[in-house]
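Asks: missing the sequence, but the structure's below:
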């Protein structure tokens, strides 16, 4: 690659990262500056201020689903970060999950995406046996959308089911009620192990004073009905009364300071070393044109300790790169799509980013090896799918692909997925997409997620649209066809954007490539809290 090309790639990546940070700054304001001022006027901290005060000073905060709800629900004024600030951090040097309702966003009401985000955080806590802290300040279900948040399996009620499950699993749950906590939402803090309530600014009740008056004719104010004094001295619903937000957060820190240690999974970790190759060079290696090839090994060298990578079956199945390395001291097995054009041993030219039969076979065997050795798996995705055509079909690509999917699906070691570029179709599945339970799945700003590439999809959709119009007796000329293709392409491009995926929590975060090592390291540290108690069985078709 020429220096000029490298610099152009570098410039493009920096622009993408700058745009990512701009958008994050926007969603981090929640309901906006005026709503934040109102929160402060009540003597309350905002959700982000609460998280910052609660976590250890200078501790990392790996925010999960910051872009959840992004560009969604415009008819209701949007729902930045799904009205919840949440992620993995450290309290008294203990790794944990924090979930904080953002009362500046529709009074902390639950939209459908809010439920999905809360369930994802509970899932992370359950998979990794991490303590979870809820900072509750919510008006409950957003009533105009109640049919999309209330009755189904993955809706609001699943939160309380998970509270009960985590309790039985011995996972510590601590809740601080720091504002409204009404109706069904009142069960969340009380199903936790310990519950705190802030005096005067917080309340808990199944029905507020207006509804009580309407339902049974009783006249009572909210403070008497469900304030801190009521629940700490009369009902016994809560365990601690705090004078203000900071006092409540200090009490949580004190509780966390006394939690004992539990059995660990025992993943291999040694002293951490930075890559010898400059990490920032990743910016220049990733092509600004996502159709162009690049060398995945050059990316790996800039992600792993000492830039040391022990490659597995280097000369075989070259469209997937597999090997052992360390990331921040943790031993990992890496499965990555090769993006350069490759000439196989048989002299055949293979396309970069495509999974061939021999590559799928190699990856399946490597995944099995990592499970045998108890080594966490890292998938670096830049995949356009499996190879198609008669030669591949006759060669058994479906069976070889199924072997890889089987080996990956049944993996008992934790999996972490980084979407670097393309993530299309069955390639997304085989390389551990969201449906395959990665402990964390994050995307670089260069990522694209779709069932197929935009150009191919647009042409297919155009043909369908033309056929539909023709059936109605309509003919389209070249100019109309061009406009129709542009309309389809624009819509499809929006849907393949990493922000579209992040808004729907298909990924846990969009990250700067330079944060990849941190994400993997914090993810494995979290996974290390959950011992592996099952043996690896790759499935019946694995040989």
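Replies: Right, received. Where do you want to start? What you see is a predicted model; the values in this text were computed from it and never measured.
Asks: from the middle of its chain, how far away would the lengthiest helix in the chain be?
Replies: Ranked by residue count under DSSP state H, the longest helix found in the chain is helix 3-28. Distance of helix 3-28 from the chain centroid (C-alpha atoms, centre = their mean, to the nearest Å) equals 21 Å.
Asks: so what does that helix touch, helix or strand wise?
Replies: When contacts are defined as 3 or more C-beta pairs under 8 Å, 6 or more residues apart in numbering; DSSP states H and E, helix 3-28 packs onto helix 282-285. The C-beta positions use only the backbone N, C-alpha and C, and glycine is treated the same way.
Asks: Now for the closest residue to residue 77 other than its chain neighbours: which residues touch it?
Replies: Spatially, and ignoring its direct neighbours in sequence, residue 77 is nearest to residue 106 (7.7 Å; C-beta to C-beta, 6 or more residues apart in numbering). Going by C-beta atoms under 8 Å, 6 or more residues apart in numbering, residue 106 touches 31, 76, 77, 79, 83, 139, 142.
Asks: that older thread, buried residues in the longest helix of the chain, which are they?
Replies: 9, 10, 12, 13, 16, 17, 20, 23, 24, 27, 28 (16 or more other C-beta atoms under 10 Å).
Asks: could the residues you listed go into a markdown table alongside pLDDT and distance to residue 263?
Replies: Shown next, in a markdown table, are the buried residues of helix 3-28 (pLDDT from 0 to 100; distance: C-beta to C-beta, whole Å):
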| residue | pLDDT | distance to residue 263 |
| --- | --- | --- |
| 9 | 97 | 46 |
| 10 | 97 | 45 |
| 12 | 97 | 47 |
| 13 | 98 | 42 |
| 16 | 98 | 42 |
| 17 | 98 | 40 |
| 20 | 98 | 38 |
| 23 | 98 | 41 |
| 24 | 98 | 37 |
| 27 | 97 | 38 |
| 28 | 98 | 37 |
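Asks: okay, among those, which ones form the most distant pair?
Replies: Pairwise distances across the buried residues of helix 3-28 peak at 28.5 Å for 9 and 28 (criterion: C-beta to C-beta).
Asks: Quick one: the strands in the stretch 51-200 of the chain, in order.
Replies: 62-63, 84-91, 94-101, 132-138, 173-181, 194-198 (DSSP state E, counting those that start in this stretch).
Asks: and what of the stretch 401-543 of the chain?
Replies: Counting by DSSP E, counting those that start in this stretch, the strands of the stretch 401-543 of the chain are 415-424, 440-443, 448-450, 509-510.
Asks: Lowest average pLDDT across those?
Replies: Per-stretch mean pLDDT for those is lowest at strand 448-450 (a mean of 91).
Asks: Give me the sheet partners of that one and which way each runs.
Replies: strand 415-424 (parallel) (DSSP bridges).
Asks: Same question for the partner strand: list its buried residues.
Replies: In strand 415-424, counting by 16+ other C-beta under 10 Å, buried: 415, 416, 417, 418, 419, 420, 421, 422, 423, 424.
Asks: so how far is that strand off the chain centroid?
Replies: Using C-alpha atoms, centre = their mean, the offset of strand 415-424 from its chain centre is 12 Å.
Asks: Let me know the distance separating residue 252 from residue 424.
Replies: Going from residue 252 to residue 424 by C-beta to C-beta, to the nearest Å gives 43 Å.
Asks: report the angle between the axes of the helix or strand just after the longest helix of the chain and strand 132-138?
Replies: Where DSSP states H and E defines the elements, the next helix or strand beyond helix 3-28 is helix 33-41. If you take axes from the mean of the first three to the mean of the last three C-alpha atoms, to 10 degrees, helix 33-41 sits at 100 degrees to strand 132-138.
Asks: Buried residues, helix 33-41. List them.
Replies: Buried residues in helix 33-41 (16+ other C-beta under 10 Å): 35, 36, 39.
Asks: from memory the last one sits against residue 103, does it?
Replies: Yes - using C-beta atoms under 8 Å as the test, residue 39 is close enough to residue 103 to be in contact (6.3 Å).
Asks: now the strands of the stretch 401-543 of the chain in JSON lines, with distance to residue 224?
Replies: Converted to JSON lines, the strands of the stretch 401-543 of the chain look like this (distance: least, C-beta to C-beta, whole Å):
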{"stretch": "strand 415-424", "distance to residue 224": "50"}
{"stretch": "strand 440-443", "distance to residue 224": "45"}
{"stretch": "strand 448-450", "distance to residue 224": "51"}
{"stretch": "strand 509-510", "distance to residue 224": "43"}
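Asks: Out of these, flag the one nearest residue 260.
Replies: Going by C-beta to C-beta, the one of those nearest residue 260 is strand 440-443, 26.0 Å.
Asks: quick one: contacts of that closest one?
Replies: Contacts for strand 440-443 (C-beta under 8 Å, 6+ apart): 124, 416-419, 432-434, 449, 498, 501-502, 506-511, 516, 519, 523.
Asks: what number of residues lie near residue 119?
Replies: Applying other C-beta atoms under 10 Å, we find 18 residues neighbouring residue 119.
Asks: Tell me how far it lies from residue 147.
Replies: Distance from residue 119 to residue 147, by C-beta to C-beta: 18 Å.
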